[in-house]
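In: Provided below for reference: sequence and predicted model.
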Amino acid sequence: MNIEAAQGKPRGTVFTMSSESIDALKWLAMVLMVIDHINKFVFKEAVPSMFALGRVAVPLFVFVLGYNLARAGALQAGVYQRVFFRLAVFGALSVVPHALMNTLIGGWWPVNIMFTLAVAVLVAWLLDKGGPVSVMAACLVFLFGGALVEFWWPAIAACLFVWAYFKTPSVVYVAGFVFSLLALYFVNGNFWALMALPVILASRAWRWPLPRMKWFFYGFYPLHFLLIWSYLRFAG
């Protein structure tokens with residue numbers, strides 16, 4: 001899920017990330033997502049190590065999204081609108097493939113992670129615009145949107161705390177991010193999401209450029225569901 005960046009880097013923070021590190025986290029998150037979905041749909045969550053690895057994917061995705069949304073000039077450059085539109089479109093394109101997969105294990109709700117990220121973008125956009133009406137709208141979007149999407153309010157909150165930290169560094173936002181990962185226990189049934197923390201810290205040492213392929217990450221999401229479904233339908 002490639003996120004288009006605005007001009008410049010996030011505002012002054014002692015915790016910096018290079019473009020190479022962010023790209024590495026994005027690729028790693030995608031790989032972990034595939035591992036998780038293969039375990040979930042093909043192996044019926046029978047492989048504990050794959051399940052544990054999969055819990056790290058969403059924290060990495062929301063970290064990358066929050067970081068990129070916090071880049072200087074995002075509001076003025078219209079980044080929120082473009083990212084929201086792309087996530088909403090590819091989330092809609094993923095509804096049928098996602099529903100096909102989830103009917104295998106009991107239902108279509110909640111809606112896919114693209115919409116989780118889209119809700120986070122919309123809330124951040126409203127908060128960045130500022131003003132009482134926008135802030136109230138942001139709260140309502142967070143409240144109702146979180147009830148509909150995968151990983152619910154903890155994933156949205158985690159993204160928003162990352163976004164807030166890289167806009168205005170504060171230990172409160174760091175604590176909020178960690179608390180949000182802890183709250184994913186109510187979704188995952190474990191605390192494996194916390195493993196994203198050392199992964200993020202370790203990624204700062206990554207110095208090798210990786211291909212960005214802006215549209216690949218969007219298109220791969222519905223495609224990988226179709227590939228897994230096709231395997232289960234015709235080869236499984």
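Out: Good, I have the coordinates.

In: now this protein, which segments are flagged as low pLDDT?
Out: For the chain, the stretches with pLDDT under 70 are 1-8, 11-14, 103-108, 236.

In: Quick check: what element follows the top helix by length along the chain along the chain?
Out: Counting residues, the longest helix found in the chain (DSSP state H) is helix 19-37. Following helix 19-37 in sequence order, the next helix or strand is helix 48-54 (DSSP states H and E).

In: how about that following helix: buried residues?
Out: By neighbour count on 16 or more other C-beta atoms under 10 Å, the buried set for helix 48-54 is 50-54. C-beta here means a position set from N, CA and C on the backbone, and glycine is covered the same way.

In: what packs against that helix?
Out: Under the contact criterion of 3 or more C-beta pairs under 8 Å, 6 or more residues apart in numbering; DSSP states H and E, helix 48-54 touches helix 19-37.

In: got the contact list for the helix it packs on?
Out: Contacts to helix 19-37, defined as C-beta atoms under 8 Å, 6 or more residues apart in numbering, come from residues 1-2, 50-51, 53-58, 60-61, 63-64, 67-68, 101, 199-200, 203-210, 212, 217, 220, 224-225, 228.

In: Which ones among those residues lie within helices?
Out: 50-51, 53-54, 57-58, 60-61, 63-64, 67-68, 101, 199-200, 203, 217, 220, 224-225, 228.

In: tell me which residues of whichever helix or strand residue 174 is part of are tucked away?
Out: Applying DSSP H and E as the criterion places residue 174 in helix 171-183. Judged by neighbour count (16+ other C-beta under 10 Å), helix 171-183 contains these buried residues: 173, 176-178, 180-181, 183.

In: send the alpha carbons of the helix or strand just after that helix over as PDB?
Out: For helix 171-183, the succeeding helix or strand toward the C-terminus, using DSSP H and E, is helix 185-188. Below are the C-alpha coordinates for helix 185-188, written out as PDB (Å, rounded to 0.1, in the frame of the first residue of the first chain):
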ATOM      1  CA  TYR A 185      -4.900  -7.800  21.900                       C
ATOM      2  CA  PHE A 186      -8.700  -7.500  21.800                       C
ATOM      3  CA  VAL A 187      -8.600  -8.300  18.100                       C
ATOM      4  CA  ASN A 188      -5.600 -10.700  17.900                       C
END
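
In: Check which helices and strands helix 185-188 is in contact with.
Out: helix 152-167.

In: got the angle for the helix it packs on vs helix 171-183?
Out: Going by axes from the mean of the first three to the mean of the last three C-alpha atoms, to 10 degrees, helix 152-167 is angled at 160 degrees with respect to helix 171-183.

In: just checking, what packs against helix 152-167?
Out: Packed next to helix 152-167, using 3+ C-beta pairs under 8 Å, 6+ apart, are helix 57-69, helix 113-129, helix 132-145, helix 171-183, helix 185-188.

In: How far away from the center of its chain is that helix?
Out: Offset of helix 152-167 from its chain centre (C-alpha atoms, centre = their mean, to the nearest Å): 10 Å.

In: hmm, who's touching it?
Out: Helix 152-167 has contacts (C-beta under 8 Å, 6+ apart) with 10-11, 13, 15, 58-59, 62-63, 65-67, 69-70, 110, 113, 116-117, 119-120, 123-124, 127, 142, 145-146, 149, 170, 173-174, 176-177, 180-181, 183-184, 186-187.

In: Perfect, I'm done here.
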